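> Structure of the sequence below:
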Amino acid sequence: MAEEEQKRLAGEIARVLDECRLSHAVHPRKLKELSALRSSAASRPFFPAFSRALAPLFDFPRRTVSSERAVRFISAFAARRDEKDAAASDAFLEEFLRFLLVAAAAAHRAARFRACQIISEIIMRLPDDAEVSDELWDEVIESMKERVGDKVPAIRGFAIRALSRFANDGEDSDIVNLFLQTLPQEQNTEVRKTIVLSLPPSIMTSEAIIASTLDVSESVRKAAYLVLASKFPLQSLSIKQRNMILQRGLHDRSASVMKECFKMLKDEWLTKCCNGDPIVLLRFLDVETYESVGVAVIEALLKDGMVPLQEHHSIRQLLTSSNTSEEGCTSGIRLMEAEVALYWKTLCRHLNNEAQVKGTDAATATGTEAVIYASEASDSNDLLEEILPPTISNFVDLVKAHLSAGSNYHFTSRQLLLLGAMLDFSDITNQKVASEFVHELLLRPLEYDVDEDGNKIVIGDGINLGGDREWARAVVELAKKVHASVGEFEAIVTEVIKDLAQPCRERTADYMQWLHCLAVTGLLLENIASLRTLQGKNIEPSELLHSLLLPGAKQSHTDVQRVAIRCLCLFGLLERKPTGEIVSQLRLSFLNGATSVRVMASRSLIDLLTWHGPQEVDKAIGLDMKESNNEKEGFSCVNFSNLNDDLSIRLLDILYCGLNSENYGEVSDANDNESIHSFLGEGFAKILLLSENYPSISTCLHPLILSRLIKLYFCDETKELQRLKQCLSIFFEHYPALSHIHKRCVSTAFIPTVRSLWPGIYGNSGGSSITVSKMRKRALQAARFMLQMIQVPLFSKEDDSSEPGSGNHYSSILTSDVFDSGEEGVAIRIAVEVAGFPEKKTSAGKSYILALLRVVTSTQFRPSEQHAIKCMRRLLNNMVTSVTGDKELVKELNFMMARLRSLDERPDEELSEDQYSAIFAKLGLEGNVKIDTSPASAQRSVRTAPTRRRRVRQEESSDDDDDDDDDSNNAAVMAVPLTPSLISVRSQRASKTAAMSKMATKTEFQLSESDNEGDDDDDSDLS
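Just a heads-up that it's a prediction; the model follows:
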């Protein structure tokens, strides 16, 4: 009777569930119906009947609309507490949760999925006062923690969703720690999104959420901004975090992410935290440090119309009529805060650009449309005029007032200075006032502090006018606006230089005066197109060079030398051909100067070399051109300790030795990111990337340069050089993808680079075991990195003569000419290196060979490269015999040989000696290897020495076995096909060779697969 009653009840429950699958509208009524069934039934039979009715759902793995409705209904029923029978509801909930916990640990994927889904739905629906024992919650939490590591992404997502409520309650910090550990390792996009949405607000989680704004998935980045808007008030974030969030969000590549970030900015930060005042918002961002973010914020708000444009609210309010001095006032002008200045500058630029765009549209349109555009442009211009100072004199007075207020108002002064580009200087009187102001700005001395010893310490970078590159740009922008006529800008600046250079010529100037004069000179040289524009001006180019720049480079003060060298570089870049005096002085400063001077000289020399070319630079100093650079096969050695600008040494050799020197990684005192290695590495990377522009540089030098750049990239000493790291990472990403020539360079540099990085071989230094292990890992990492560079596909499909034609396929594919730029070339180079390596018995040599062989097993041969395949098959035998003690590596090499045999379209045909020579000549390996191509060449077994743990099984095979059968079994056979091996120059006796050949045709050796244990000395030597 009980069984029949249970079946009847299960049928009733199944009927209710089926009806709930059809529509959400019936759920409230069916909840009451199912609760009535639970109350009317005895306490024991209801849950077994309920679980029986749910069984089909746990066997159904897909997420359909009907199944999702059923899950929601079941979860709502379990979480609903019937006030009339609360005890039965609580008991059912606990029993159901325990049932789900068992299903969550099941081996069946669908059962785990449904269990975690229902548990998460129940937890999300339960009220805070739900009557559930603490022990049961602990079991649920532990089960869901375990499911976070499930192999199925959907299960992981529901487990995280179930735990999110406990994490938000703040009672269990282990859950938050689990989320933070899982987030950076999670591969699935939806799971990462769920984790981000589940993280509670705290200092610890804010870093992870902000880091998710850089996630590769658009949905995860969007979720991160949603969480930041809803859980993190503006005041809870640091200034750096606020700017980082806005910098990434407002410039995101996805429009939806930008929209979400702007929604957070507008609705939460501006409206709720700042009461809609954009200036208050800017105060939270520290615009003096993060100016670009502040500009982006105001521009975004202006485009959305969130900044009200009022006619009576303008800069003119700062120009008070009273001349009394009050706090915050100077000569009747109220001083402006940095945020206010940035706001007005951005607003005025927006109105000016809008007026120009509308004016252009009005000029191109016709009829009513043109009238509308013209009216809008006129409105923008009228509003701009209402905001800007009424006269040029007022503008000048406003800027001067902030300049005289001290360094605290330097940022505000620069913002106001940029407003000058929107003023009208066509009137002669206005131009005269503005011209005098520009003249005064150029003559304004650099600011400085005085130390305890009374020495002057310049404030700023000491290179640009005002000690700030942005300030110099603002002055130039205003000067070009005021002096817009042809040659007028050059005339006014050279006049200032002539006045400033007078004490320098008379040798009465201190180093501050020198820096000021050179800063204005650099400003001029940066903003002219040619030295011909200085002809007939107050100071001629030749006079500028000989009376100011060259004497400045020989000054005793290092800061003066540094700025003068920069000006010499700018001067040389403007010349049609470099002057010998400039090149000689830069070389001398590079060799003998202080650290900051050498850094600037290295930058200058590499710029001149890449601009004019090495041949023109060397010709400038009269270097003997009998031996052309394109005939060189290596760089000349330069001894910096005994070198005093020997003009017989080419500049390229000097710079390469500087790049290769260990002592030239010193960082400049002026900037922590500037070093000789940084600038030279960047310059040589440009040379390689644009190698077709430098035909005078021999292609034989390219692998040497590339090898040095790779060693710098993986060197521990250059970790702090972020500029170099960033430059090289971009270079290595693009260089091999441009052409086959670049890939060939990488292939050529492969073995020399790994040799130079591996400790203990070819005279390389070693160290402690920890140091050696670290060096080996670094070298292996570099080797794999170079192989990945070769595997990078080309950006554009080049014409490849090796592509099969429509005629005889086999004859056409044998004529490939690009195998040396692919993985085939690297593999053959490694094989030759392994065969000819002289230190195989040493620990360092063994580890080196093992590392190379592990790399070669990762190479893939193209079916079109038949000659390379045949050559590699002959070389592999010798490689296997070099590592007979490493069982796993031998297996990998055997698989490689089987793969090569399957790719060989005519495995029985052999290459001639001339063909082998052609392959090695193509790879530059002449004289390093010799292959015996006689028909009776010796066959060498590749089996490992027999031990107690390894057996060798010899199988008899018939002479007339079909080649097709052999090919089909290659994947399963663990033996190396019988191919001639690499042998030394000394040939074997003909009789012995013939005998071995006959034996080899009758037998084939095969490694036994029955052993699973390795030898004692199978351990890798890499560590």
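
> What pLDDT is listed against Pro541?
For Pro541, the model assigns a pLDDT of 93.

> Oh, that last question was meant for Cys261, not what I typed.
96.

> do the same with the one 10 residues further on
Among the per-residue scores, Thr271 holds a pLDDT of 92.

> count of residues packed around it?
14 (other CB atoms under 10 Å). (Glycine included, C-beta is placed from N, CA and C.)

> What of Thr521?
For Thr521, the count of nearby residues is 28 (other CB under 10 Å).

> Correct me if wrong: it contacts Leu544.
Yes: here Thr521 reaches Leu544: they are 7.0 Å apart, a contact under CB atoms under 8 Å.

> what about the stretch 551-700 of the chain, any weak spots by pLDDT?
Applying pLDDT under 70 to the stretch 551-700 of the chain flags residues 624-631, 639-646, 663-673.

> now the helices for it?
Assigned helices in the stretch 551-700 of the chain, in chain order: 558-574, 580-592, 595-612, 614-620, 651-660, 676-689 (criterion: DSSP state H, counting those that start in this stretch).

> Take those helices and write them to TSV, including mean neighbour count and distance to Ile730.
Formatted as TSV, those follow (neighbours: other CB atoms under 10 Å; distance: least, CB to CB, whole Å):
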stretch	mean neighbour count	distance to Ile730
helix 558-574	24	23
helix 580-592	21	26
helix 595-612	23	17
helix 614-620	21	24
helix 651-660	22	18
helix 676-689	23	9
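
> where do the contact lists of Thr521 and Leu544 overlap?
Common neighbours of Thr521 and Leu544 (criterion: CB atoms under 8 Å, 6 or more residues apart in numbering): Ile497.

> Now for Asp559: which residues touch it?
Contact analysis of Asp559 by CB under 8 Å, 6+ apart lists 458, 462, 511, 515, 596.

> Leu319 versus that one, what's the distance?
In this view, Asp559 and Leu319 are 40 Å apart by CB to CB, to the nearest Å.

> Same question for Leu550.
From Leu550 across to Leu319, the span is 48 Å (CB to CB).

> Please apply the same query to Ala601.
Counting by CB to CB, the gap from Ala601 to Leu319 is 49 Å.

> can you map out the strands along this protein?
Assigned by DSSP state E, the strands in the chain fall at 329-330, 333-334, 448-450, 456-458, 952-956, 1003-1007.

> Show the average pLDDT along the third one.
What strand 448-450 shows for mean pLDDT is 86.

> ok, now the last one?
Strand 1003-1007 carries an average pLDDT of 36.

> Format the contacts of Asp559 as TSV; extra columns: distance to Leu281.
Formatted as TSV, those follow (distance: CB to CB, whole Å):
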residue	distance to Leu281
Val458	35
Gly462	35
Tyr511	43
Leu515	38
Ser596	40
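
> Weed out the non-buried ones from those.
Buried by 16 or more other CB atoms under 10 Å: 458, 462, 511, 515, 596, out of these.

> what's the closest of these to Asp499?
For the buried ones among the contacts of Asp559, the residue nearest Asp499 by CB to CB is Leu515; the value is 15.4 Å.

> contacting residues around that closest one?
With CB under 8 Å, 6+ apart, Leu515 has these contacts: 446, 458, 462, 559-560, 563.

> mind listing the helices in the stretch 151-300 of the chain by residue range?
So, for the stretch 151-300 of the chain - with DSSP H, counting those that start in this stretch - the helices run 153-169, 173-182, 189-198, 203-211, 218-231, 239-249, 255-263, 274, 278-283, 291-304.

> Reformat the ones you listed as CSV; add distance to Arg901.
Supplementary listing: the helices of the stretch 151-300 of the chain in CSV, determined by distance: least, CB to CB, whole Å:
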stretch, distance to Arg901
helix 153-169, 40
helix 173-182, 45
helix 189-198, 42
helix 203-211, 49
helix 218-231, 46
helix 239-249, 52
helix 255-263, 52
helix 274, 73
helix 278-283, 70
helix 291-304, 60
